[in-house]
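Peer 1: Curious how this folds, go ahead:
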Amino acid sequence: MPFKLERGSLSKQLRRLVRKELEAAIEALNHSGAPRIHDARKHIKKTRAIVKLLRRPLGKRYAKEDARLRAAGGGLSELRDAEVMLQTFAALQKEFPALIPPPIAGKVDRALRRDHRNAQAHSRARARQTLALLKRSRAVLPRRVEAVSRFGAARGGLTRAFVRSKVALASLTSESSGDDFHAWRRRVKAHWYHVRLFASLQPATQARARKLEALQTALGDDHNLELLGETLLEHPDGFGARTTAVVLGCIQKRQHALRQHALASGRRLFASKPETAEAIVNRWRAAQRRAD
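Peer 2: Coordinates of the predicted model:
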């Protein structure tokens, strides 16, 4: 079942989606080989997006349910970061081969692989802790989501995510901090997941979902570069002053380009009023009625 709503009861579909995503995350962590950390985190994030969509009707239960899912995803972050750092550095070296020659690339790659091995040594223990949290969510969250899922609640949740993204964007420049860009990315990602839910049978909404995906991917690349820079600065003796300076310079150049692109794209996507977000749910509901 894809991450989108089709015909039928909104509440039953959201319940099935929550259960499906939680079960997929559990399966990824129970994998017979190494736990599939990246897959598990994606399924957790999709589940959190539905919980955020229904934040108001969930009331006091929202904080508890979201905190449990956040803890589950956070418990896997060290493993994810170590894995992504290798991919991020490889892409950076490919982007700037003349500035990051093999001697420098080899030094950084060896250090990152050492961090990755250290993180993997704890992967099973972290997976077990996360599994306990996910199984608790699977036991209670699907029916709680079903109990509060209404069109008005979904429309309000999607609109709030749109507004939060728009507000976070308003104060950003290419010189803003990594934390500020990451905060915007989280809001954009929530809005993207919400739009995906309601994109079926709506070409315009599907197009918006694709543009939001591209935006949050660029912001994700920016965040990964920020983490790579922090890793270098945390271990200056391990990399050496020259290597650190060269790689940080390349990170800053790549981040500047990513941020310029993201800001231009974001200003187009969030130029409209909140009614644009409301219309996404309204059009989906109208399509449901026509189909009936």
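
Peer 1: rest of the way, CA atoms for contacts and neighbours
Peer 2: Will do.

Peer 1: For residue 259, which non-adjacent residue is spatially closest?
Peer 2: residue 174 (5.5 Å; CA to CA, 6 or more residues apart in numbering).

Peer 1: cool, residue 165 as well?
Peer 2: residue 187 (5.1 Å).

Peer 1: C-terminal to the helix or strand where that neighbour lies, what's the next element?
Peer 2: When elements are defined using DSSP states H and E, residue 187 is found to belong to helix 178-197. The C-terminal neighbour of helix 178-197 among helices and strands, as given by DSSP H and E, is helix 203-234.

Peer 1: Who are the packing partners of that following helix?
Peer 2: helix 77-95, helix 178-197, helix 241-269 (3 or more CA pairs under 8 Å, 6 or more residues apart in numbering; DSSP states H and E).

Peer 1: my guess is residue 7 contacts residue 288, does it?
Peer 2: Yes - counting by CA atoms under 8 Å, residue 7 does reach residue 288; the two are 6.0 Å apart.

Peer 1: dump the residue contacts of residue 77.
Peer 2: Under the criterion of CA atoms under 8 Å, 6 or more residues apart in numbering, residue 77 has no neighbours.

Peer 1: That one and residue 172, how far apart?
Peer 2: Between residue 77 and residue 172 the computed distance is 26 Å (CA to CA, to the nearest Å).

Peer 1: Measure how buried the residue nearest to residue 42 when sequence neighbours are not counted is and give me the count.
Peer 2: Distance criterion CA to CA, 6+ apart; nearest residue to residue 42, sequence neighbours excluded, is residue 25 at 7.9 Å. Per other CA atoms under 10 Å, the neighbour tally for residue 25 reads 26.

Peer 1: which element is residue 25 on?
Peer 2: Residue 25 belongs to helix 10-29, assigned by DSSP H and E.

Peer 1: Counting by contacts, list what that helix packs against.
Peer 2: helix 37-53, helix 123-148.

Peer 1: For the longest one, name the packing helices and strands.
Peer 2: Secondary-structure packing of helix 123-148 (3+ CA pairs under 8 Å, 6+ apart): helix 10-29, helix 55-58, helix 60-74.

Peer 1: who's in contact with the nearest residue to residue 265 once chain neighbours are set aside?
Peer 2: Excluding its sequence neighbours, the residue lying closest to residue 265 (CA to CA, 6+ apart) is residue 215, at 6.8 Å. Residue 215 makes contact with 188, 262, 265, 266, according to CA under 8 Å, 6+ apart.

Peer 1: Tell me the spacing between the third one and residue 193.
Peer 2: Per CA to CA, residue 265 is found 17 Å from residue 193.

Peer 1: Residue 95 too?
Peer 2: 30 Å.

Peer 1: next one: residue 255
Peer 2: 24 Å.

Peer 1: Could you do residue 129 as well?
Peer 2: 26 Å.

Peer 1: neighbour count winner among the two?
Peer 2: With neighbours defined as other CA under 10 Å, residue 129 and residue 193 compare such that residue 193 has more, 24 against 14.
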